[in-house]
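Peer 1: Mind folding the following:
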Amino acid sequence: MVRKPATLKDVAALANVSRATAARALNSYGYVGDETAQKVQAAAEKLGYRGNRLAQALRNGQLPIVGCILGDIQNPFFARIAHDIEVLARECGHNLVIGSSEEELDQEISLLSSLRSLSIRGFIVAPTSATSNAHLQSLISENVPLVLIDRVAENVDCDSVVVDNEGGARKAVEYLIAMGHRRIGLLQDDTRIFTSRERMTGYRTALAGAGIASDDRMIAVSQSTVEHAVDATIRLFSQKTPPTALFTVDSLMTQGALLAFRSMGISIPHDVSLIGFDDFNLATFTDPQITVVSQPVSEIGRAAARLLFDRLSGKDHPPEKIRFETKLIVRGSVSRSVAG
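Peer 2: Take a look at the predicted model:
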């Protein structure tokens, strides 16, 4: 027969005190006489009562738990980051609670509020908005360790880990221009998101540097999902004069573009050239293989976790801003343009 776990009522009965007194003694709040407190503690130990330790740890913020709120856990980029953070957290004797904002600011705020109520010790966050960040500023004002990952937020001065999004996008578009393309499409997500804004800036900077006017007809905005990217790509390439090349801002959009081209009978790179930001597993299994802007995903999560655990260990120094470089990996999805 399985023995039921001891309850607070059981402890109070054994110690011959009220439940309120037992709760105060076990959770270290309010006044309880020394003799009574000892009786309650002895009763708890005899019964194997565990709830007091959890409650007290929660109250004092001593549970070894850190929180991580990412943009979309279904995105392979964020999935890998979550995995790497969890591995280092485990090495540091902590558990990780992961939430996905789904790129919705209200959901990010709600998740953060819920996790803070658990007295979680520190946070790693990929902020949905670069400007709406009062909830993040409140963490800083309350000295809660915070590391921003993949993105930064205005007026939030804390540790951060990002990549050179603008430079990576610029290199990709400059390569397309060097291959003779002038009608270069852009498939991007919401410009509230820091990475999207940075990559669009890199796209426009490369065009301007080559004397090519930016044309809104060459830009399609989509949610960062394969399904939405399919629809956006079809709209973009159903124009009378479509792009001769396409730059996509993440791997899910790249996959959506590939499916759209297949459904439209558009051949890569004969009919259109393609470069995607973010490498992904299928990029080398397609024919041709996909040219990508690669970022060091395997380093990003661990770098953010290291910064967080440095803070939790008591290290006090100015916020550390880590920015990794990107690399253009040339494969077979870009050909020289004859149409311009």
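
Peer 1: For the stretch 1-150 of the chain, which segments count as helices?
Peer 2: Along the stretch 1-150 of the chain, the stretches classed as helices by DSSP state H, counting those that start in this stretch are 8-15, 19-27, 34-47, 51-60, 76-91, 105-116, 134-141.

Peer 1: Point out the other helices and strands that the longest one packs with.
Peer 2: So that's helix 76-91. strand 65-70, strand 95-100, helix 251-264, helix 297-312 (3 or more Cβ pairs under 8 Å, 6 or more residues apart in numbering; DSSP states H and E). C-beta here means a position set from N, CA and C on the backbone, and glycine is covered the same way.

Peer 1: ranking those by burial, who's on top?
Peer 2: By mean neighbour count, with neighbours taken as mean count of other Cβ atoms under 10 Å, strand 65-70 ranks first of the helices and strands packed on helix 76-91 at a mean of 24.

Peer 1: Report the angle between that one and helix 297-312.
Peer 2: Relative orientation of strand 65-70 versus helix 297-312 (axes from the mean of the first three to the mean of the last three Cα atoms, to 10 degrees): 140 degrees.

Peer 1: Sheet partners, orientation included, of strand 65-70?
Peer 2: Within its sheet, strand 65-70 is paired with strand 95-100 (parallel), strand 123-125 (parallel), according to DSSP bridges.

Peer 1: Nearest to residue 320, out of these?
Peer 2: In this view, the strands paired with strand 65-70 are compared for proximity to residue 320 by Cβ to Cβ, and strand 123-125 is the closest at 13.5 Å.

Peer 1: Give me the contact list for that closest one.
Peer 2: Applying Cβ atoms under 8 Å, 6 or more residues apart in numbering, the set of residues contacting strand 123-125 from outside is 66-69, 85, 108, 112, 115, 136, 139, 144-149, 304-305, 308.

Peer 1: Rebuild the strands paired with strand 65-70 as CSV, extending it with mean pLDDT and distance to residue 277.
Peer 2: Shown next, in CSV, are the strands paired with strand 65-70 (pLDDT from 0 to 100; distance: least, Cβ to Cβ, whole Å):
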stretch, mean pLDDT, distance to residue 277
strand 95-100, 93, 20
strand 123-125, 97, 21
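
Peer 1: per-residue confidence at the spatially closest residue to residue 224 that is not a sequence neighbour?
Peer 2: Closest residue to residue 224 in three dimensions, ignoring its sequence neighbours and counting by Cβ to Cβ, 6 or more residues apart in numbering: residue 189, at 4.4 Å. The score at residue 189 is 89. That number is its pLDDT.

Peer 1: Count residues in the vicinity of residue 189, would you?
Peer 2: Using other Cβ atoms under 10 Å, the number of residues around residue 189 comes to 25.

Peer 1: which residues touch it?
Peer 2: Contact criterion Cβ under 8 Å, 6+ apart gives 103, 196, 221, 222, 223, 224, 249, 250, 253 as the residues in contact with residue 189.

Peer 1: Over to residue 219?
Peer 2: So, once contact is read as Cβ under 8 Å, 6+ apart, residue 219 ends up touching 185, 186, 188.

Peer 1: What backbone torsions are found at it?
Peer 2: Torsion angles at residue 219 (phi, psi; degrees, to the nearest 10) stand at phi -120, psi 130.

Peer 1: For it, give the beta-bridge partners.
Peer 2: Note on residue 219: beta-bridge partners residue 186, judged by DSSP bridges.

Peer 1: do you know how far it is from residue 239?
Peer 2: Here the distance between residue 219 and residue 239 works out to 12 Å (Cβ to Cβ, to the nearest Å).

Peer 1: got it, and residue 192?
Peer 2: Residue 192 sits 26 Å away from residue 239 when distances are taken as Cβ to Cβ.

Peer 1: Which one's more surrounded, those two?
Peer 2: residue 192 (15 against 12).

Peer 1: For the closest residue to that one other than its chain neighbours, grab the count of nearby residues.
Peer 2: Across the structure, with Cβ to Cβ, 6+ apart as the measure, the residue nearest residue 192 apart from its sequence neighbours is residue 129 (5.0 Å). A count of nearby residues for residue 129, using other Cβ under 10 Å, gives 20.

Peer 1: just checking, residue 129 touches residue 106?
Peer 2: No: proximity of residue 129 to residue 106 does not meet the contact threshold set by Cβ atoms under 8 Å, at 10.5 Å.

Peer 1: could you list every residue that touches residue 128?
Peer 2: When contacts are taken as Cβ under 8 Å, 6+ apart, residue 128 is in contact with 71, 101, 103, 104, 105, 108, 192, 193.

Peer 1: pLDDT-wise, what's the bottom of these?
Peer 2: Among the contacts of residue 128, residue 192 has the lowest pLDDT, at 79.
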